[in-house]
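In: Fold the stuff below for me.
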Amino acid sequence: MLDILEEAAVAAGKAIIDVYNAGPDVAYKADCSPVTDADETAERIILDRLVAAFPDIPIVAEESVAAGRIPDIEGKTFFLVDPLDGTREFVNRHHDFTVNIALIEKGEPVAGVVYAPALGILYAADRGKAKKAVVSGLTSIGHPVVIGCRSRGDRIVALASRSHNSEETVAYLAEHGIMDYESVGSSLKFCLLAEGLADVYPRLSRTMEWDTAAGDAVLRAAGGETVTMNGDPLIYGKRNQAHDSDFANPFFVSRGRG
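Out: The predicted structure is shown next:
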């Protein structure tokens, strides 16, 4: 399965870079978040490949949900797809945008792929093992290297969202004695934790499940964790929430080894 997820992500990434180089057409959703022709093209590529390979596994994908197409996932294993995570980074010509594909079982992200096409880097996880590979020429996936979280040292390196940082996040860092942080876009923050390049990523602003699932899968496989502010593991497949929309996440903290 992981090979197919990787190939789908790389194919979507190539289409995204084609739009990136040509210049995207940008529109705005009802929540004022941007969407481009790259988002829509990439999602079609991913869904076509997943449906062909795994016709019995439902798919929750960002643009499909925005269009009102939500499959029945109750009690089922399902895919979560964000075809272009970090659309603001993409529109603003940064390189830290990603393609995210995750497999969810019983509320847990058990496999996932995060591909950063502008950086030529792919992260993947399955069966408790996380890896990183270089993608050459937007098509060729190189030999993977196993990655893992580092143990926290005296100097804690924190990550924060480039486009969605919040006063609450800054306050959280200050409360924990962390005065410096690096701003990074998209799900790459999870992957930097998984690779042992940082220690903690508090997110005290809104995210959706497709934003986090693939990166969270990589992080968990690398020995890290993502927990809500009350210490419970972040779960996926949240529907009919009393105080938020379907698939919206609560605030959370992702971290490597303690």
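
In: Name the single longest helix found in this structure.
Out: Counting by DSSP state H, the longest helix found in the chain is helix 2-22.

In: Could you list the buried residues of that one?
Out: Across helix 2-22, burial judged by 16 or more other C-beta atoms under 10 Å covers 2, 5-6, 8-17, 19-20. C-beta here means a position set from N, CA and C on the backbone, and glycine is covered the same way.

In: do stretch 125-145 as well
Out: Buried residues in stretch 125-145 (16+ other C-beta under 10 Å): 125, 126, 130, 131, 132, 133, 135, 138, 141, 144.

In: Between the two ends of that stretch, how far is it?
Out: End-to-end distance for stretch 125-145, by C-alpha to C-alpha, to the nearest Å: 11 Å.

In: Average pLDDT for the longest helix of the chain, rounded please.
Out: For helix 2-22, the mean per-residue pLDDT is 96.

In: again with stretch 229-248
Out: pLDDT averaged over stretch 229-248 gives 96.

In: the strands in the stretch 1-150 of the chain, which residues?
Out: 26-28, 34-36, 59-61, 78-85, 98-105, 108-116, 121-126, 129-136, 140-141, 145-147 (DSSP state E, counting those that start in this stretch).

In: Mean pLDDT and distance to residue 164 for those strands - can I get that in TSV?
Out: Shown next, in TSV, are the strands of the stretch 1-150 of the chain (pLDDT from 0 to 100; distance: least, C-beta to C-beta, whole Å):
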stretch	mean pLDDT	distance to residue 164
strand 26-28	84	16
strand 34-36	83	13
strand 59-61	98	21
strand 78-85	97	12
strand 98-105	98	15
strand 108-116	98	18
strand 121-126	98	21
strand 129-136	98	25
strand 140-141	96	30
strand 145-147	98	25
